[in-house]
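Q: Predicted model, plus sequence, below.
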Amino acid sequence: MSYFKNIAQNFAINYAHSKMKDSLYKSLNIDIIDKNYQKIPDDGKKYMLYAHVPFCHVFCPYCSFHKYKFEESLCRDYFINLREEMKQIKDAGYDFETMYIGGGTPLIDPDELFKTVELAKELFGITDVSCETDPNNIDPKILKRFKGYIDRISVGVQSFDDEILKKVARYHKFGSQEVLIEKLQNAIGILPATSLDLIFNLPFQTKDQLIKDIEISKMLSPEQITFYPLMKSSITRDSIAKTLGISDEDNEKYFYDVIRKEMDSYFQNNAWAFSKTKSNLADEYVGSNHEYVGVGSGAFSFLNKKLLVNAYNLEDYGKRIKSKQSPVIATCEFKKSEILKYVFLTKLFDGSVDIKNFNESNSANIKKDLFVELKLLKLVNAIYEEDGEIKPTEFGDYLSLVLMKDFYTGMDKVRAAFKDDAKIKSTKKLKVMEEDDVNYLNLDEKAQKRA
Ligand SMILES: C[S@@+](CC[C@H](N)C(=O)[O-])C[C@H]1O[C@@H](n2cnc3c(N)ncnc32)[C@H](O)[C@@H]1O
Ligand code: SF4
């Protein structure tokens, strides 16, 4: 790559970082509500259903998702509430074709999960269900029961490297490389699609370790392989440093290039997911469907320019559902300009922005509304236009990955804020990003400059 192109692209990454930071800083102003907030669908609009299952047997140091230690009766009661909330959503008039079940560990209680998916299919016109799981819940007996109910499971592998697995305390929990390979060999092929989730750019991870992870994943031949760049937020920064160490090197871009090269026989689904055949396998629920209803404790919904947050506290969530009170405890409204940037990012991340469709579904004029953004992205060779679509170049793919990572880190800040029950009860307004976070993101920028 030429010297000037390199400088321009580093500048673009830093500029995009700071713009995203700015957007999150200005937009994540949350109102804690006490009124009964009702979700109501708009006629003819398509929504996706997200269900959250916040239980794990043990916690991993890099993970900031909303979760509790598994207790059988607590979990069973939770699933009962989750099903009740789905019925309330049905009564409000919603329908869905796709459902994404995330966690935590949704398959932690297969009987309860089965009843929940079964009910979702009874209530709604759901034809496509994705579900996250850890490698301990992919026993063929369990998976066979879900045939016709779950279409895609994504299994958290993170890495096949025994040293890394030991450091993040997954070696004893979920098995060594050898054990993981065996579990996956037995599981892949039972449901229509299996995705392996891997994390790259872990501190001190070497190129050889990454290539080995890719080789093993390809050898297992799942329908999809997803490579998440390690995301550090203020919740996980210390535990990542304690378990994996602090490295002065940031290999994110370099390793991303390695992944793309090694995965060139696969189709790229979005900036971080690759599939064996050209298909439209749903990855993240924030991706292709930008309006979604979240059910469960701590679940986010994104409806009509608003982020809605369900009660985090399990007891509070349960009480609200049982008394038919809305589980929504907070809202955050975004300006139209922020929504347009967000939708544009998710579409670019997915691989293309159909201009006509974007304008129609967002009542927008993309060339006018995102004039500056499009000019800059073109200038640094991050996007190009073809047949009425705006598409990311190779560099654009990386840029959208970086921005999606920033966005997720912002959502981590929301999660962190809601962990503090006392604070939530004592305030009406919550500013999620603080000065400290801006400084923290600056650290990332320094690493980018070094790269
Ligand atoms: C919500 S987790 C559920 C996975 C499942 N409980 C497990 O442990 O296998 C979904 C996936 O998000 C990814 N993930 C979680 N924390 C991450 C982080 N800090 N950086 C990058 N990816 C992360 C991991 O690949 C993980 O498998
Ligand atoms: S990675 Fe999975 S098992 Fe580990 S804490 Fe997160 S949700 Fe739980």
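A: Good, I have the coordinates. Keep in mind the model is a prediction, meaning the values are calculated, not measured. Residues are numbered from 1 along each chain as shown. Ligands and ions are numbered 1, 2, ... in the order given.
Q: What is the helix or strand hosting L74 packed up against?
A: For L74, the element it lies in under DSSP states H and E is helix 72-91. Secondary-structure packing of helix 72-91 (3 or more Cβ pairs under 8 Å, 6 or more residues apart in numbering; DSSP states H and E): strand 47-53, strand 55-56, helix 110-123, strand 292-295, helix 314-322. Just so you know, the C-beta spots here come from the backbone N, C-alpha and C atoms, and that holds for glycine as well.
Q: State the three-state secondary structure for the residue of the stretch 101-250 of the chain found nearest ligand 1.
A: Proximity of the stretch 101-250 of the chain to ligand 1 (Cβ to the nearest ligand atom) peaks at G156, 2.0 Å away. At G156 the chain is in strand, as set by DSSP: H, G, I helix; E, B strand; the rest coil.
Q: who touches the closest residue to it other than its chain neighbours in this structure?
A: Spatial nearest neighbour of G156, chain neighbours left out: D197 (4.9 Å); criterion: Cβ to Cβ, 6 or more residues apart in numbering. By Cβ atoms under 8 Å, 6 or more residues apart in numbering, the residues touching D197 are E132, S154, V155, G156, V157, Q158, T226, Y228.
Q: Can you tell me which residues in the stretch 51-200 of the chain are near ligand 1?
A: Y62, C63, F65, G102, G103, T105, E132, D134, G156, Q158, D197, I199 (Cβ under 6 Å from any ligand atom).
Q: how deep is the closest residue to F70 other than its chain neighbours tucked in, by neighbour count?
A: With sequence-adjacent residues excluded and distances taken as Cβ to Cβ, 6+ apart, F70 is closest to F55, at 4.4 Å. Per other Cβ atoms under 10 Å, the neighbour tally for F55 reads 21.
Q: Run a quick check on F55 versus T105, I expect a contact.
A: Yes. The criterion here is Cβ atoms under 8 Å, and F55 meets it with T105 at 6.1 Å.
Q: Overlap of the contact sets of those two?
A: Joint contacts of F55 and T105 (Cβ under 8 Å, 6+ apart) are F70.
Q: Which parts of the stretch 351-451 of the chain are strands?
A: In the stretch 351-451 of the chain, the segments counted as strands under DSSP state E, counting those that start in this stretch are 353-354, 383-386, 389-392, 429-431.
Q: Output the ones you listed as CSV; include the columns mean pLDDT and mean neighbour count.
A: Formatted as CSV, the strands of the stretch 351-451 of the chain follow (pLDDT from 0 to 100; neighbours: other Cβ atoms under 10 Å):
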stretch, mean pLDDT, mean neighbour count
strand 353-354, 96, 20
strand 383-386, 96, 14
strand 389-392, 97, 20
strand 429-431, 79, 14
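Q: Including distance to ligand 1, could the ones you listed go into TSV?
A: Shown next, in TSV, are those (distance: least, Cβ to the nearest ligand atom, whole Å):
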stretch	distance to ligand 1
strand 353-354	25
strand 383-386	25
strand 389-392	21
strand 429-431	23
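Q: Confirm that D31 sits in a strand.
A: Yes. Assessed with three-state DSSP, D31 lies in a strand.
Q: Quick check: closest non-adjacent residue to it.
A: D31's closest residue in space is T331 (Cβ to Cβ, 6+ apart), at 5.3 Å.
Q: I'd say that neighbour and V309 touch.
A: Yes. At 7.4 Å, T331 counts as touching V309 under the criterion of Cβ under 8 Å.
Q: returning to that earlier point: how close does the residue nearest to G156 sit to ligand 2?
A: Remark: distance between D197 and ligand 2 (Cβ to the nearest ligand atom, to the nearest Å) = 9 Å.
Q: In strands only, show me the residues of the stretch 51-200 of the chain next to ligand 1.
A: If you go by DSSP state E, these have G102, G103, E132, G156, Q158, D197, I199 in strands.
Q: Can you lay out those residues as a markdown table showing pLDDT?
A: Conversion of those to a markdown table gives the following (pLDDT from 0 to 100):
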| residue | pLDDT |
| --- | --- |
| G102 | 97 |
| G103 | 93 |
| E132 | 97 |
| G156 | 97 |
| Q158 | 98 |
| D197 | 98 |
| I199 | 98 |
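Q: got a winner among the residues you listed for most neighbours?
A: Neighbour counts for those (other Cβ under 10 Å) peak at Q158, which has 26 neighbours.
Q: Provide a list of residues in contact with that residue.
A: Q158 touches C60, I164, L165, V168, R170, D197, L198, I199, counting by Cβ under 8 Å, 6+ apart.
Q: switch the cut-off to 7 Å
A: Neighbouring residues of Q158 by Cβ atoms under 7 Å, 6 or more residues apart in numbering: V168, R170, L198, I199.
Q: follow-up on the earlier one: which one among the residues of the stretch 51-200 of the chain next to ligand 1 gets closest to ligand 2?
A: If you rank these by distance to ligand 2 using Cβ to the nearest ligand atom, C63 comes first, at 3.1 Å.
Q: and the closest residue to that closest one other than its chain neighbours, how many neighbours?
A: Leaving aside its chain neighbours, C63 sits nearest to T236 (6.9 Å; criterion: Cβ to Cβ, 6+ apart). Residues near T236, counting by other Cβ under 10 Å, number 20.
Q: try D42
A: 11.
Q: Look up how far K336 lies from the spatially closest residue to it that is not a sequence neighbour.
A: Excluding the flanking residues, the one nearest D42 by Cβ to Cβ, 6+ apart is N304, at 7.3 Å. Separation of N304 from K336 (Cβ to Cβ, to the nearest Å): 11 Å.
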